[in-house]
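S.K.: Return a 3D structure for these sequence lines:
(one chain, ligands or ions: 3)
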Amino acid sequence: MIKYKINLLNIAMAFTAAIALYSCSSSDDSTTKEEDNTPPTISYNYSDVTKVIDFKPAAGQFTNDIPKYVKGDTEEEMKKKALKAISGDKLSMVSLGGFGGYIVVGFDETIKNVEGLRDFKVLGNAFWANSNPNSNATNRGGSCEPGVIMVAYDANKNGVPDEDEWYEIAGSEHTNSETIANYSITYHKPDPNKAPVIDTINKWATDIEYIKWEDNQGQSGYMPKNTYHQQNYFPEWINEDKITFTGTKLPNNAIDESGKGTYWVLYSFDYGYADNAPNNDDESAIDINWAVDRAGKKANLPGVDFIKIYTGVNQQAGWLGETSTEVSGVIDLHKAKVTIPTR
Ligand SMILES: [Ca+2]
Ligand SMILES: [Ca+2]
Ligand SMILES: [Ca+2]
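M.R.: Ligands and ions are numbered 1, 2, ... in the order given. This is a model prediction of the structure:
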């Protein structure tokens with residue numbers, strides 16, 4: 001059994017291995033200095049993020065754990081922990097939980113929108129599967145947990161992203177008929193005194209009716225609790241009994257390729273999302289030119305000062321749990337001198 005998400009160490013190890021492979025393939029001793037057209041190698045061990053404006057993860061198996069909540073922590077303290085995790089040497093990452101959970105980050109310098117080129121990467125922990133039981137699969141897949149990216153240019157120079165400054169990056173699923181704009185979901189704080197509901201088939205679940213949710217499409221359900229993550233899945237620093245998130249919901253991307261619940265493949269969308277392709281893959285890079293307004297019209301931004309990322313799917317993948325976007329930083333590709341043409 002491939003244990004994609006069973007613990008973070010595995011993810012971190014896979015992630016490090018991917019970087020090592022990439023670094024090796026980029027050096028070539030046979031070329032002389034004059035002839036060497038090898039693009040500069042970028043290591044993804046730093047981040048250009050300098051501010052966390054907002055951090056509100058949805059319910060999730062890594063919520064209160066990445067970053068770690070300590071009893072008494074306020075929202076401000078959680079924002080500081082998030083900043084420490086994904087800025088500078090980016091010591092860790094943040095997990096955004098289920099659909100809608102988000103983080104808003106800012107930078108000391110505007111990331112410029114250079115014509116014809118992609119401009120930034122949102123770093124995550126996506127990786128490709130080593131093998132797929134479905135040999136007919138045409139899309140790339142593995143652990144891809146797509147997050148929707150929004151961008152804001154500080155047009156009025158007041159140092160904050162104002163409501164009318166936000167635009168959405170129209171990724172490959174923007175025109176997919178299964179994508180739902182203005183999707184809204186509410187998660188209810190779990191009652192610690194409620195008796196857990198055990199399922200004899202899904203033995204990984206310690207409570208299959210753990211966190212109740214309903215959406216604005218007439219659907220409702222439960223986020224189960226699993227045996228690998230025992231902490232509270234509802235953000236502990238939020239005092240309200242329920243939290244609501246609104247955004248663009250992407251189609252489900254997880255398929256149980258084993259047919260028996262043991263091997264889930266989370267397929268990658270073509271482009272335009274966070275945590276949807278490995279950090280060293282060009283499809284994790286974003287062109288600011290893809291930003292559109294609510295009517296789908298191009299925003300034509302000169303650059304971006306703020307980026308919001310939120311989990312874009314409402315999906316349970318069996319024992320892997322809910323799909324949650326992870327963010328470990330943002331890289332300004334122009335500052336990094338990395339040239340990636342747009343599509
Ligand atoms: Ca650009
Ligand atoms: Ca502003
Ligand atoms: Ca992830």
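S.K.: How about residue 329: what's its closest non-neighbour residue?
M.R.: Excluding the flanking residues, the one nearest residue 329 by CB to CB, 6 or more residues apart in numbering is residue 47, at 2.7 Å. C-beta here means a position set from N, CA and C on the backbone, and glycine is covered the same way.
S.K.: Tell me which helix or strand the closest residue to ligand 2 within the stretch 1-150 of the chain sits in.
M.R.: At 10.5 Å from ligand 2, residue 106 is the closest residue in the stretch 1-150 of the chain, using CB to the ion. Using DSSP states H and E, residue 106 sits in strand 102-112.
S.K.: for that strand, what is the average pLDDT?
M.R.: The pLDDT scores in strand 102-112 average 98.
S.K.: Contacts (any at all) between ligand 1 and that strand?
M.R.: No - Strand 102-112 lies out of reach of ligand 1 by CB under 5 Å from the ion, never closer than 8.0 Å.
S.K.: list the buried ones in that strand?
M.R.: For strand 102-112, the buried set under the neighbour-count rule, 16 or more other CB atoms under 10 Å, comprises 102, 103, 104, 105, 106, 107, 111, 112.
S.K.: for the first one, what are its contacts?
M.R.: When contacts are counted by CB atoms under 8 Å, 6 or more residues apart in numbering, residue 102 touches 54, 55, 56, 57, 96, 245, 247, 308, 309, 310, 311.
S.K.: Could you measure from the second one over to residue 137?
M.R.: Put plainly, it is residue 55. Going from residue 55 to residue 137 by CB to CB, to the nearest Å gives 35 Å.
S.K.: Which positions within stretch 177-197 qualify as buried?
M.R.: Buried residues in stretch 177-197, counting neighbours by 16+ other CB under 10 Å, are found at 179, 180, 183, 184, 185, 186, 187, 188, 189, 190.
S.K.: Tell me which of these fall in helices.
M.R.: Among those, no residue falls in helices (DSSP state H).
S.K.: helix or strand right after the helix or strand hosting residue 265?
M.R.: Per DSSP H and E: residue 265 is located in strand 264-267. Of the helices and strands lying after strand 264-267 in sequence (DSSP H and E), the nearest is strand 285-286.
S.K.: ok, now which ones touch residue 117?
M.R.: Residue 117 neighbours (CB under 8 Å, 6+ apart): 287, 333, 334, 339, 340, 341, 342.
S.K.: the helices in this protein, which residues?
M.R.: Secondary structure of the chain (DSSP H): helices at 8-26, 75-86.
S.K.: Give me the mean pLDDT for the last one.
M.R.: In this model, helix 75-86 has a mean pLDDT of 98.
S.K.: who are the neighbours of that helix, in terms of helices and strands?
M.R.: Packing partners of helix 75-86 (3 or more CB pairs under 8 Å, 6 or more residues apart in numbering; DSSP states H and E): strand 51-56, strand 94-95, strand 102-112.
S.K.: Pull out the buried residues from that helix.
M.R.: So, applying 16+ other CB under 10 Å, buried residues of helix 75-86: 78, 79, 81, 82, 83, 85, 86.
S.K.: What of stretch 139-149?
M.R.: Neighbour-count burial for stretch 139-149 [16+ other CB under 10 Å]: 140, 141, 142, 143, 144, 145, 146, 147, 148, 149.
S.K.: and of the residues you listed, the nearest to residue 322?
M.R.: Nearest to residue 322 among the buried residues of stretch 139-149: residue 145, at 9.3 Å, using CB to CB.
S.K.: show me the contacts for the closest one.
M.R.: 124, 126, 266, 275, 276, 311, 313, 323, 324, 325, 326.
S.K.: can you count the residues close to the residue of the stretch 201-343 of the chain found nearest ligand 3?
M.R.: Residue nearest to ligand 3 within the stretch 201-343 of the chain: residue 326 (4.0 Å; CB to the ion). By other CB atoms under 10 Å, the residues close to residue 326 number 25.
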